[in-house]
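Chemist: model this:
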Amino acid sequence: MTTPTLLWLRRDLRLDDHPALYAALGRRGPVIPVFILDPETEALGAAHRWRLAESLDSLGKALEGLGSRLVLRRGDALETLRALAQETGATGVRWSRLYDRAARARDEKVKAALKEDGLDVRSCNGSLIFEPWEVETQAGGFYKVYSPFARAARALEIPEPLSPVGAIPAPDEWPASDALSDWALGADMRRGAAVLARHAAVGEEAARDRLDAFLEDKAEAYKAERDRLDLDACSGLSENLAYGEISPRRIWQATRDRGPDGKGSEHFLSEVLWREFAYHLVHHTPRIETGNWREEWDAFPWRDDNADAEAWRRGMTGVDLVDAAMREVYVTGRMHNRARMLVASYLTKHLMTHWRVGEAWFRDVLTDWDPASNAMGWQWTAGSGPDAAPFFRIFNPDGQAEKFDAEARYRDHWLKGKGAEEFYAAIPKSWGIDAQTRRPAEPIMPLKPGRERALEAYEALKAA
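Modeler: Numbering: from 1, shown residues only. Got it, this is the predicted structure:
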């Protein structure tokens, strides 16, 4: 037996198709899986931290079934890994790469320092199908538009997923571990945690069941029905991808193995590639996470946080579809993608509020929060991002409701039905909203005047 290897887990909480785990096993010694609650992780949103705890609990049980354990430690990542190496005699560390700015800064520091300490350190691709630098233009640069990116990506060879791990060699003595309950990762959710729990599908097994059910029952009609707010036509896998409970490579392979069945599966795979494109851009232009990707938009007269934005957060705008969607996200931790575009458009265009205000709220309330997809989605809708929707594409929520929720089932569920009851049970009592609270009889910003105001501001920006 060689010396132990530390497997530093982050957003790769699974045993299937796990290159970093295979790399750790390749050293032919004991493997010690560890998750570190470092400052970068503690800074995540409230709903995301709650859901993270659920995923860690699920993975811990799966590891125990293989005779292994998940070691939990709280503190600075570098110092914690150094301490564990000293305690266990580990001479190697493996992890899956991350690509957002904060994670890259941390990981580069950790890798350099551990190598100086003499440790065998290696990071692997465990989050994406393609590394962000692997899909290149003919000139050797990066893509700024999705369609040519997708064509180039589809032309590349996609490796087969790795098989699930069936055994993990354990050390003679396990290092001490924190208790997951002591971290209280869900504390900030307060009473909303119990409501969120009804809508979560946690862990690797649940993710595979979701994928199988989607491919069996929904994939064929996906292209035609995916925008329908009143149907359960999507995969729901964004939640599981956010914690690495399933790999995009596994999703791709399983979808391909079903064989051609019309446009549905191909359109679904295009959405998988959209996520890849978001990380492609985050890697090459990290400013997209916090600032306008198109720098000329720095002069646009967006407002900072304001009372209208607070009404938007609470689902009290008086626009039925917007308010229904904002209730959906607070109850379930997710929101239909069509609804995400509509609420983002209303905030950034009708309410003239900076996309960063909405991005921050989604970061706090989404259980499927993803740093690249969230930033990319907000800037796409706002008009300030790469490959963005033209600014004059200002969604009309009422028109969208007629098209994608014709019988008002979605709106009624969240404004009058069971969804409304869950919303009242989940929100902070300090909001002072309950079943007797009336939403505004008229929109806080009517649709036509709001559209005209936004277009005037846009024309002024172009003129300037």
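
Chemist: any idea where the helices of the stretch 51-200 of the chain begin and end?
Modeler: 77-88, 101-116, 146-154, 180-183, 192-197 (DSSP state H, counting those that start in this stretch).

Chemist: low-scoring stretches of the stretch 51-200 of the chain, by residue?
Modeler: Residues of the stretch 51-200 of the chain meeting the criterion pLDDT under 70: none.

Chemist: Please repeat the previous calculation with a cut-off of 90.
Modeler: 159 (pLDDT under 90).

Chemist: right, and the helices of the stretch 51-200 of the chain - which one's nearest residue 404?
Modeler: helix 146-154 (22.1 Å; Cβ to Cβ). All C-beta atoms are positioned from the backbone trio N, CA, C, and that covers glycine.

Chemist: Give me the buried positions along the closest one.
Modeler: 146, 149-150, 152-153 (16 or more other Cβ atoms under 10 Å).

Chemist: Please apply the same query to stretch 50-63.
Modeler: Under the neighbour-count criterion of 16+ other Cβ under 10 Å, stretch 50-63 has 50-56, 58-60, 62-63 buried.

Chemist: What angle do helix 146-154 and the biggest helix by length in the chain make with each other?
Modeler: Assignment by DSSP state H gives helix 263-284 as the longest helix of the chain. Put simply, helix 263-284 runs at 100 degrees to helix 146-154, going by axes from the mean of the first three to the mean of the last three Cα atoms, to 10 degrees.

Chemist: packing partners for helix 263-284?
Modeler: On a contact count with 3 or more Cβ pairs under 8 Å, 6 or more residues apart in numbering; DSSP states H and E, helix 263-284 meets helix 146-154, helix 222-225, helix 248-257, helix 371-382.

Chemist: just the CA coordinates of the next helix or strand after that helix, formatted as PDB?
Modeler: Using DSSP states H and E, the helix or strand that follows helix 263-284 in sequence is helix 307-313. What follows is helix 307-313, C-alpha atoms only, in PDB (Å, rounded to 0.1, in the frame of the first residue of the first chain):
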ATOM      1  CA  ALA A 307     -38.500  49.600  -3.500                       C
ATOM      2  CA  ASP A 308     -39.700  48.200  -6.800                       C
ATOM      3  CA  ALA A 309     -37.100  45.500  -6.700                       C
ATOM      4  CA  GLU A 310     -38.200  44.500  -3.200                       C
ATOM      5  CA  ALA A 311     -41.800  44.200  -4.500                       C
ATOM      6  CA  TRP A 312     -40.400  42.100  -7.300                       C
ATOM      7  CA  ARG A 313     -38.500  39.800  -4.900                       C
END
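
Chemist: which strands and helices sit next to the helix or strand just after helix 307-313?
Modeler: Per DSSP H and E, the first helix or strand lying C-terminal to helix 307-313 is helix 320-332. Packing contacts for helix 320-332, counted by 3+ Cβ pairs under 8 Å, 6+ apart, involve helix 192-197, helix 307-313, helix 337-345, helix 355-365, helix 397-404, helix 409-415, helix 418-426.

Chemist: care to break the protein down by domain?
Modeler: According to automatic domain parsing, the chain is divided into the following domains: 1-126, 128-162+192-284, 289-463.

Chemist: Now do the longest one: distance to the chain's middle.
Modeler: Okay, so that is domain 289-463. 18 Å (Cα atoms, centre = their mean, to the nearest Å).

Chemist: Could you do stretch 287-295 as well?
Modeler: Distance of stretch 287-295 from its chain centroid, counting by Cα atoms, centre = their mean, is 18 Å.

Chemist: could we number from 38 for the rest of this?
Modeler: OK, 38 is where the count begins now, so the last one is stretch 324-332.

Chemist: So for that stretch, what gets flagged as buried?
Modeler: 325-326, 328-331.

Chemist: Including distance to residue 456, could the residues you listed go into JSON lines?
Modeler: As requested, the buried residues of stretch 324-332 are exported to JSON lines (distance: Cβ to Cβ, whole Å):
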{"residue": "325", "distance to residue 456": "33"}
{"residue": "326", "distance to residue 456": "31"}
{"residue": "328", "distance to residue 456": "35"}
{"residue": "329", "distance to residue 456": "34"}
{"residue": "330", "distance to residue 456": "34"}
{"residue": "331", "distance to residue 456": "37"}
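
Chemist: Redo the residues you listed as JSON lines? Include distance to residue 285 and pLDDT.
Modeler: Shown next, in JSON lines, are those (distance: Cβ to Cβ, whole Å; pLDDT from 0 to 100):
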{"residue": "325", "distance to residue 285": "20", "pLDDT": "96"}
{"residue": "326", "distance to residue 285": "20", "pLDDT": "96"}
{"residue": "328", "distance to residue 285": "27", "pLDDT": "96"}
{"residue": "329", "distance to residue 285": "28", "pLDDT": "96"}
{"residue": "330", "distance to residue 285": "23", "pLDDT": "95"}
{"residue": "331", "distance to residue 285": "28", "pLDDT": "93"}
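
Chemist: Name the single longest strand found in the protein.
Modeler: strand 68-74 (DSSP state E).

Chemist: got the contact list for that strand?
Modeler: 41-47, 58, 61-62, 93, 100, 105-112, 114, 117-118, 121, 125, 127, 205-208, 211-212, 215, 220, 222 (Cβ atoms under 8 Å, 6 or more residues apart in numbering).

Chemist: just to revisit the earlier point, nearest to residue 483, of the helices of the stretch 88-237 of the chain?
Modeler: helix 229-234 (31.4 Å).

Chemist: helices or strands next to the closest one in the packing?
Modeler: Taking 3+ Cβ pairs under 8 Å, 6+ apart as the contact cut, helix 229-234 packs with helix 83-101, helix 357-369, helix 455-463.

Chemist: Just name whatever secondary elements the longest one is in contact with.
Modeler: For helix 83-101, the helices and strands in contact under the criterion 3+ Cβ pairs under 8 Å, 6+ apart are helix 76-79, helix 217-220, helix 229-234, helix 241-254, helix 275-279, helix 392-402.

Chemist: report the angle between the axes of that helix and helix 357-369?
Modeler: 40 degrees.

Chemist: circling back to that earlier point, same list (the buried residues of stretch 87-100) but as JSON lines, adding distance to residue 419.
Modeler: Shown next, in JSON lines, are the buried residues of stretch 87-100 (distance: Cβ to Cβ, whole Å):
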{"residue": "87", "distance to residue 419": "28"}
{"residue": "88", "distance to residue 419": "26"}
{"residue": "89", "distance to residue 419": "28"}
{"residue": "90", "distance to residue 419": "32"}
{"residue": "91", "distance to residue 419": "32"}
{"residue": "92", "distance to residue 419": "31"}
{"residue": "93", "distance to residue 419": "34"}
{"residue": "95", "distance to residue 419": "36"}
{"residue": "96", "distance to residue 419": "36"}
{"residue": "97", "distance to residue 419": "40"}
{"residue": "99", "distance to residue 419": "40"}
{"residue": "100", "distance to residue 419": "42"}
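
Chemist: Residue 75: which of the residues you listed is nearest?
Modeler: Using Cβ to Cβ, the buried residues of stretch 87-100 come closest to residue 75 at residue 89, 12.6 Å.

Chemist: From residue 321, how far out is that closest one?
Modeler: Using Cβ to Cβ, to the nearest Å, we find residue 89 at a distance of 27 Å from residue 321.
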